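A.B. asks: predicted structure and sequence below. I'll ask about it afterward.
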Number of protein chains: 2
Amino acid sequence: MTPPEPMPAPLAPGSTIGILGGGQLGRMSALAAARLGYRCHVFAPDADSPGMQVSAAHTLAEYDDLEALARFAESVDVVTFEFENVPVATLRALEGRVPCRPGNKALSVCQDRITEKRFLAAAGVPVAPWREVNSESELRDAIAEIGLPAVLKTTRLGYDGRGQAVLRRPEDVAPAFARLSPKPLILEAFVPFSAEISGIAARGLDGTVATYDAIENQHRNHILALSFAPARLPPAAAEAARAHVAQVAAALELVGVVALEMFLLPDGSLLGNEIAPRPHNSGHWTMDACLCGQFEQHIRAVAGLPLGSPARHADAVMRNLVGPEGLAAWPALVARADVVAHWYGKAEARTGRKLGHANRLLPMNALAGDAQPEAF
Amino acid sequence: MTPPEPMPAPLAPGSTIGILGGGQLGRMSALAAARLGYRCHVFAPDADSPGMQVSAAHTLAEYDDLEALARFAESVDVVTFEFENVPVATLRALEGRVPCRPGNKALSVCQDRITEKRFLAAAGVPVAPWREVNSESELRDAIAEIGLPAVLKTTRLGYDGRGQAVLRRPEDVAPAFARLSPKPLILEAFVPFSAEISGIAARGLDGTVATYDAIENQHRNHILALSFAPARLPPAAAEAARAHVAQVAAALELVGVVALEMFLLPDGSLLGNEIAPRPHNSGHWTMDACLCGQFEQHIRAVAGLPLGSPARHADAVMRNLVGPEGLAAWPALVARADVVAHWYGKAEARTGRKLGHANRLLPMNALAGDAQPEAF
């Protein structure tokens, strides 16, 4: 580990936080920053992005516009990002001019699935078997070792199920390779998981780590549909989920929030899958069920403030509002007394687009045991 | 009562809410609106005001700039205001072009203490004895009827103790009259109150009224210092406080949030004092102790959405952060795990200026009985 960054004073109220990216994660970070008295300056290539609508300033520019980046660096006191596919070169152009939190280490680890797997294993988080794949013959060798079913993925820029193919039978191999190559690929063993779990941690500038309760996730069409907090897990697994994401936060030397997606195996053990070095969709319930939600934690870390309490005061179910179906569900959800409803200010309700989310709060321990909460 | 406004559809997400005034109440309303997917457009005469820093658009103009008001009306879907001293002429210039919620009735009732007293009595809320005062001889007659001590106030534009004088002895009368005249004045009986109480209600576009638990307030230098929720009141008085503010909301035919300041008398009865037809400083605890705080309620009403639940999930103490002392307290408060801290983005920490507030959350019923919560 490199020595810790010398501890600067927290950003004074009225300071400006620069945010790379103008989507909903940037927007909710900006709203949390505003509550703490900070100004936000959003840098993004899309006009009228959700983050810009709630920020004191914005720069409309591409991520490789070095001149715009230099002006941006001059006008802010610290920089963070809302998504991990910000080009490393962008952050490199900013570092040295202004503190960047998290820094390039978190970005570069998380932008490549192979680096990410190696990092997880080194951080002490078990992962499913995987092999690097650069040719069809390497793919066939990897299948011989790992077996089928398996998942073939591009190593970079995949999200919400894009850039991947499930290989179930030998005849799936050639078409999947043809579709995904010549990008660098990774073959991962198909994990017969009994649940998808995520962990969310914040790490402050002073190295303190805070973790939220483990979360159980359900996807639909490769997009997160529902998150349950706390996850319905045996106590040891719930503790392991928190410990794993804390290990990741510490090993990344991250300043900010990080999420770790994991698979729960039938034997109760967990395998690490993907890291997101930022607030995560599966942590949106924290906004309403905790005194300090994940966006405020992120801003606290980035601003050098002490972390807040990640304690829960309610059980929660988060429902994503996606595409036209999400828009249609909005009027009924916003009318519910037990729901806190969030909408992101996106211009169009395109299919597959995350437009908002609804946090249904339940009494503590309502999710415990085998009781399924009513559909919502 | 005039017939209810025909019920229009709620504002669709992405619609724009115009806010007259750019202070902290407008800012917190804008943040609540953003969470529900609305854009805000702040109209205010002060550049870089707290509300503007978090809004998608702003107009920097005086409240009597009719041309700017006309352009503003064109660019928003509904108008609300964050303070009741917006000139009636301003709202008149907007009405007819765009829905104004609340409308001019609420403004005109609350801008004049005499209209306000008459309104309260008509709405069924008892008030302390008072007399209109337009000359020193009228003042002496009023004192003969009401007695001393009494409070002499300007009928308009008073807040935080400005524009008023306590008359304790006969020799206080002439200097107080000289200082406050020739403005129209009102003499109010001095109420030997045992506590200052406020009630907060929201009234939706459909006439539904929701009330929060009654609040107990402590002032310092005529500025609200602490609010306790729920107020430590006998159950009948707690119910009466909610009923009184609900009566006010209904009688004003208000769409939005309204606060009623009251005095608790030693016999347990309540007297109405002042109405604020907007979210109120004594309701800031609702932001963190309720699923739907007063700013979200206000936006819901203004947008024609159903009201949210005013139920509390915690007891709460709100501390105002005022002037340099408030700024000095910020680092310790933002570090507390049981506090949600809010800062307003004001440029200067002038004496007497409200810069932020801190909500300390306690377990339900922690404030019940005679236990005093620890100082904070």
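C.D. replies: Cool, got the structure.

A.B. asks: dump the residue contacts of the residue in the stretch 101-250 of chain A positioned nearest to chain B.
C.D. replies: Across the stretch 101-250 of chain A, no residue is closer to chain B than residue A:210, which sits at 9.8 Å (Cβ to the nearest Cβ). (Glycine included, C-beta is placed from N, CA and C.) Residue A:210 makes contact with A:201, A:202, A:204, A:297, A:307, A:308, A:309, A:310, according to Cβ atoms under 8 Å, 6 or more residues apart in numbering or on different chains.

A.B. asks: of those residues, which are in range of chain B?
C.D. replies: Checked against chain B using Cβ under 8 Å from any Cβ of the partner chain, the contacts of residue A:210 yield the following neighbours: A:308, A:309.

A.B. asks: am I right that residue A:324 falls within a strand?
C.D. replies: No: Residue A:324 is assigned helix when assessed by DSSP: H, G, I helix; E, B strand; the rest coil, not a strand.

A.B. asks: my guess is it contacts residue A:349, does it?
C.D. replies: Yes: look at residue A:324 against residue A:349 with Cβ atoms under 8 Å: they come within range, at 5.2 Å.

A.B. asks: who has more neighbours, these two?
C.D. replies: Between residue A:324 and residue A:349, counting by other Cβ atoms under 10 Å in any protein chain shown, residue A:349 is the more crowded of the two (19 against 13).

A.B. asks: nearest residue to that one other than its sequence neighbours?
C.D. replies: Distances taken as Cβ to Cβ, 6 or more residues apart in numbering or on different chains place residue A:327 nearest to residue A:349, at 4.3 Å, with adjacent residues excluded.

A.B. asks: just give me the neighbour total for that neighbour.
C.D. replies: By the criterion of other Cβ under 10 Å, residue A:327 has 18 neighbours.

A.B. asks: am I right that it is in a helix?
C.D. replies: Yes: counting by three-state DSSP, residue A:327 falls inside a helix.

A.B. asks: surely it touches residue A:355?
C.D. replies: Yes: between residue A:327 and residue A:355 there is a contact at 6.2 Å, judged by Cβ under 8 Å.

A.B. asks: common neighbours of these two, please.
C.D. replies: Here residue A:327 and residue A:355 have A:321, A:349, B:13 as joint contacts, going by Cβ under 8 Å, 6+ apart.

A.B. asks: next, the second one: secondary structure please.
C.D. replies: Following three-state DSSP, the label given to residue A:349 is coil.

A.B. asks: please enumerate the helices of the stretch 151-300 of chain A.
C.D. replies: A:173-180, A:235-252, A:286-289, A:294-303 (DSSP state H, counting those that start in this stretch).

A.B. asks: residue A:254 versus the nearest residue to residue A:287 once chain neighbours are set aside, what's the distance?
C.D. replies: Spatially, and ignoring its direct neighbours in sequence, residue A:287 is nearest to residue A:293 (3.9 Å; Cβ to Cβ, 6+ apart). Residue A:293 sits 18 Å away from residue A:254, going by Cβ to Cβ, to the nearest Å.

A.B. asks: just grab the bridge partners of the residue in the stretch 251-376 of chain A that chain B sits nearest to for me.
C.D. replies: Closest to chain B within the stretch 251-376 of chain A is residue A:343: 2.7 Å, counting by Cβ to the nearest Cβ. Assessed by DSSP bridges, residue A:343 has beta-bridge partners residue A:356, residue B:36.

A.B. asks: got a list of what it touches?
C.D. replies: A:321, A:330, A:355, A:356, B:13, B:35, B:36, B:37.

A.B. asks: grab the nearest non-local neighbour of the spatially most central residue of chain A.
C.D. replies: Centrality entry for chain A: nearest residue to the mean C-alpha point is residue A:280, 3.3 Å, by Cα atoms, centre = their mean. Nearest residue to residue A:280, sequence neighbours excluded (Cβ to Cβ, 6+ apart): residue A:259, at 3.3 Å.
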